[in-house]
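Visitor: would you be able to build a 3D model of this:
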Amino acid sequence: MSLVSIAEDFAARQIAVSLGCLRCQVRVAETHPDLEKTLLDHMAEAHNRIAATPIAEWPAIQGTRRAYKALGKDPARYRPSAEALLRRIKSGKDLYRINTVVDVTNLISIRTGFSIGTYDLSKVAAPISFRRAGEGETYAGIGRGPLNLEGLPVFADQEGPFGSPTSDSERTCISMETRDLLMVLIGFGDQPTLREAMGHAVGALELFCGTDGVAVTLVTGGAS
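Guide: Next comes the predicted model:
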């Protein structure tokens with residue numbers, strides 16, 4: 001049985017959802033000797049790809065933006081995290097370095113265009129549902145302060161929403177003490193490259209985050 005379920009909110013709005021869920025034990029560090037070079041290489045590759053294919057035309061970005069609009073959220077005001085990262089690269093800005101897990105998350109996002117949530121499962125009150133946030137729902141987004149969630153697709157547990165493709169919450173964020181990790185690659189619409197992206201994520205977690213095994217689950221729902 002999957003740790004994450006997909007609510008009927010998406011089927012009601014004709015949105016197909018695919019969630020690539022990766023769970024593993026990690027050892028979080030400030031950095032890894034090979035991660036910085038790999039991240040810089042991927043940033044250069046993303047910059048070249050952006051020059052050939054505008055960010056808005058990347059399939060994973062397109063799917064997320066369409067889903068936001070169908071859910072009633074403006075993707076230009078509440079940008080999906082992968083799009084925000086790619087826009088930083090396009091403008092010549094560097095990416096923030098936080099820790100190895102967050103840096104791997106950014107690495108996979110800029111390579112694939114998928115927004116990715118990473119959560120400390122010791123801070124999550126399972127079960128987890130992926131659903132549309134309702135009126136008045138909010139949380140403290142990482143580095144953003146209070147975030148108006150209404151209309152956003154969110155991950156929620158028994159205590160309420162804790163993550164979204166735009167920004168995850170401070171409540172379940174990754175710290176140096178995190179051991180039990182859940183990483184979710186979020187795909188909307190037809191995204192045939194999601195499994196490949198999951199494979200890239202597994203490889204990066206094994207290489208840079210000290211895990212020796214990743215449990216992988218693909219959860220699908222919404223419109224068929």
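Visitor: use CA for all of it now, contacts and neighbours both
Guide: Fine.
Visitor: which residues does the lengthiest helix in the chain contact?
Guide: Counting by DSSP state H, the longest helix found in the chain is helix 35-52. For helix 35-52, contacts defined as Cα atoms under 8 Å, 6 or more residues apart in numbering pick out 86, 89-90, 100, 103, 107, 110-111, 208.
Visitor: buried ones in stretch 125-139, by neighbour count?
Guide: 128-133, 138-139 (16 or more other Cα atoms under 10 Å).
Visitor: out of those, the closest to residue 212 would be?
Guide: residue 128 (24.7 Å; Cα to Cα).
Visitor: so the closest one makes contact with residue 154?
Guide: No - under the criterion of Cα atoms under 8 Å, residue 128 is not in contact with residue 154, lying 9.9 Å apart.
Visitor: tell me which two of the contacts of helix 35-52 sit farthest apart.
Guide: 90 and 208 (25.6 Å).
Visitor: could you find the closest non-adjacent residue to the spatially most central residue of the chain?
Guide: The centre of the chain sits closest to residue 116, judged by Cα atoms, centre = their mean, with a distance of 1.2 Å. In space, and not counting its chain neighbours, residue 116 is closest to residue 185: 4.6 Å by Cα to Cα, 6 or more residues apart in numbering.
Visitor: just checking, what packs against the host helix or strand of that neighbour?
Guide: Using DSSP states H and E, residue 185 sits in strand 180-188. For strand 180-188, the elements it packs on are strand 16-25, helix 59-71, strand 115-120, helix 194-208, judged by 3 or more Cα pairs under 8 Å, 6 or more residues apart in numbering; DSSP states H and E.
Visitor: quick check: buried residues in the longest one?
Guide: Same thing as helix 194-208. So, applying 16+ other Cα under 10 Å, buried residues of helix 194-208: 194-195, 197-198, 200-202, 204-205, 208.
Visitor: which two in those are spaced the farthest apart?
Guide: 194 and 208, at 20.8 Å, using Cα to Cα across the buried residues of helix 194-208.
Visitor: now do the same end-to-end measure for stretch 127-146.
Guide: 24 Å (Cα to Cα, to the nearest Å).
Visitor: what about that stretch, average pLDDT?
Guide: For stretch 127-146, the mean pLDDT works out to 95.
Visitor: okay, stretch 183-190 in CSV with CA atoms only?
Guide: The C-alpha trace of stretch 183-190 is given here as CSV (Å, rounded to 0.1, in the frame of the first residue of the first chain):
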residue,chain,number,x,y,z
MET,A,183,10.9,12.5,-2.0
VAL,A,184,8.0,12.9,-4.4
LEU,A,185,8.4,13.9,-8.1
ILE,A,186,5.1,15.5,-9.2
GLY,A,187,3.8,15.0,-12.7
PHE,A,188,0.6,16.3,-14.2
GLY,A,189,-0.9,15.2,-17.5
ASP,A,190,0.9,12.7,-19.8
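Visitor: and it, what's buried?
Guide: Neighbour count says stretch 183-190 has 183-189 buried, by 16+ other Cα under 10 Å.
Visitor: for stretch 208-222, which positions count as buried?
Guide: Those would be 208-211, 214, 216-222, for stretch 208-222 by 16+ other Cα under 10 Å.
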